[in-house]
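Visitor: Kindly generate the corresponding structure for this input.
(chains A and B)
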Amino acid sequence: NAGVMQNPRHLVRRRGQEARLRCSPMKGHSHVYWYRQLPEEGLKFMVYLQKENIIDESGMPKERFSAEFPKEGPSILRIQQVVRGDSAAYFCASSPAERGPTNEKLFFGSGTQLSVL
Amino acid sequence: EDKVVQSPLSLVVHEGDTVTLNCSYEVTNFRSLLWYKQEKKAPTFLFMLTSSGIEKKSGRLSSILDKKELFSILNITATQTGDSAIYLCAVWGAQKLVFGQGTRLTINP
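Guide: Numbering: from 1, shown residues only, chains lettered A, B, ... in the order given. Got it, this is the predicted structure:
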């Protein structure tokens, strides 16, 4: 059973370009969470999605950032017109939410390291 | 706003020492507290705690929760160099898992 898969592992973009980060949850998991981690900091919540629905996007910046989790295919975190401050590690996590989404352990992917030049 | 605070932020000890990592929280509608270990990249799950006073153990690692005082500790006995990592504490808030800033633990041989 493959774990949470994220790609690419490393992504380099110039200022103003778009970044697309992909996350395939573990098999059987229908809940996806995106987190951002800056060096020497903890994980900051960005968005929580279920299939075709955004449940909580309270951690997403109001502009340039969007996320989706379509019926088919991976979850996508999209950052438009990237700036240097977007450079960070972006982690995706999934859960089956069998006992309700707030009493589960999350399984994390290896992250995408975004570098903005 | 939900908040999780870990201490110390950084800790350096010698192999064989015992360490205690701290986590305090302020969360609306607390449900559970989790500990993760982060080495190179992906955080890996260690413990989930939901009830006060019940110690969870896994080998040399153990953890306990105090819901009255709103904190948890993670103990590691007889530390080894492979225990070097960032240890993350997280608490389920309304619909999201809120993380502390982590404790960077370094074990010197």
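Visitor: in which helix or strand would I find the residue nearest to the spatial centre of chain A?
Guide: For chain A, the residue nearest the mean C-alpha position is A:W34 (3.2 Å; Cα atoms, centre = their mean). In the assignment (DSSP states H and E), A:W34 maps to strand A:31-37.
Visitor: for that strand, packing partners?
Guide: For strand A:31-37, the elements it packs on are strand A:43-50, strand A:75-79, strand A:88-95, judged by 3 or more Cβ pairs under 8 Å, 6 or more residues apart in numbering or on different chains; DSSP states H and E. All C-beta spots, glycine's among them, are computed from the backbone N, C-alpha and C.
Visitor: at 10 Å what do you get?
Guide: strand A:19-24, strand A:43-50, strand A:53-56, strand A:65-68, strand A:75-79, strand A:88-95, strand B:97-99 (3 or more Cβ pairs under 10 Å, 6 or more residues apart in numbering or on different chains; DSSP states H and E).
Visitor: In the sheet, which strands lie alongside it, parallel or antiparallel?
Guide: As defined by DSSP bridges, the strand partners of strand A:31-37 come to strand A:43-50 (antiparallel), strand A:88-95 (antiparallel).
Visitor: Isn't B:V13 up against B:R104?
Guide: No. Using Cβ atoms under 10 Å, B:V13 is not in contact with B:R104; the gap is 11.9 Å.
Visitor: where do the contact lists of those two overlap?
Guide: B:S84 (Cβ atoms under 10 Å, 6 or more residues apart in numbering or on different chains).
Visitor: Next, the angle strand A:19-24 makes with the strand holding A:W34.
Guide: Strand A:31-37 runs at 140 degrees relative to strand A:19-24, counting by axes from the mean of the first three to the mean of the last three Cα atoms, to 10 degrees.
Visitor: how far does strand A:31-37 sit from the chain's center?
Guide: Relative to its chain's centre, strand A:31-37 lies at 4 Å (Cα atoms, centre = their mean, to the nearest Å).
Visitor: Pretty sure A:S66 sits against A:L49.
Guide: No. A:S66 is not in contact with A:L49 according to Cβ under 10 Å; the separation is 11.0 Å.
Visitor: So between these two, which is more surrounded?
Guide: Legend: neighbour count by other Cβ atoms under 10 Å in any protein chain shown for A:S66 and A:L49, higher for A:L49 (25 against 15).
Visitor: Now that one: closest residue in space that isn't a chain neighbour?
Guide: Of all residues not flanking A:L49 in the chain, A:F69 sits nearest, at 4.0 Å (Cβ to Cβ, 6 or more residues apart in numbering or on different chains).
Visitor: Just give me the neighbour total for that neighbour.
Guide: Residues within reach of A:F69, counting by other Cβ under 10 Å, total 25.
Visitor: number of nearby residues for A:E40?
Guide: The local packing of A:E40 (other Cβ under 10 Å) involves 11 other residues.
Visitor: low-scoring stretches of chain A, by residue?
Guide: Along chain A, segments meeting pLDDT under 70 span A:1, A:98-103.
Visitor: Which stretch among the strands paired with strand A:31-37 is buried most, on average?
Guide: Of all those, strand A:88-95 has the most neighbours on average by mean count of other Cβ atoms under 10 Å in any protein chain shown, namely a mean of 24.
Visitor: Off-centre distance for that one?
Guide: In terms of Cα atoms, centre = their mean, the centre of strand A:88-95 is found 5 Å from the chain centre.
Visitor: what inclination does it have with respect to strand A:75-79?
Guide: Orientation of strand A:88-95 against strand A:75-79 (the same axes, to 10 degrees) gives an angle of 160 degrees.
Visitor: Sweet, I'm off.
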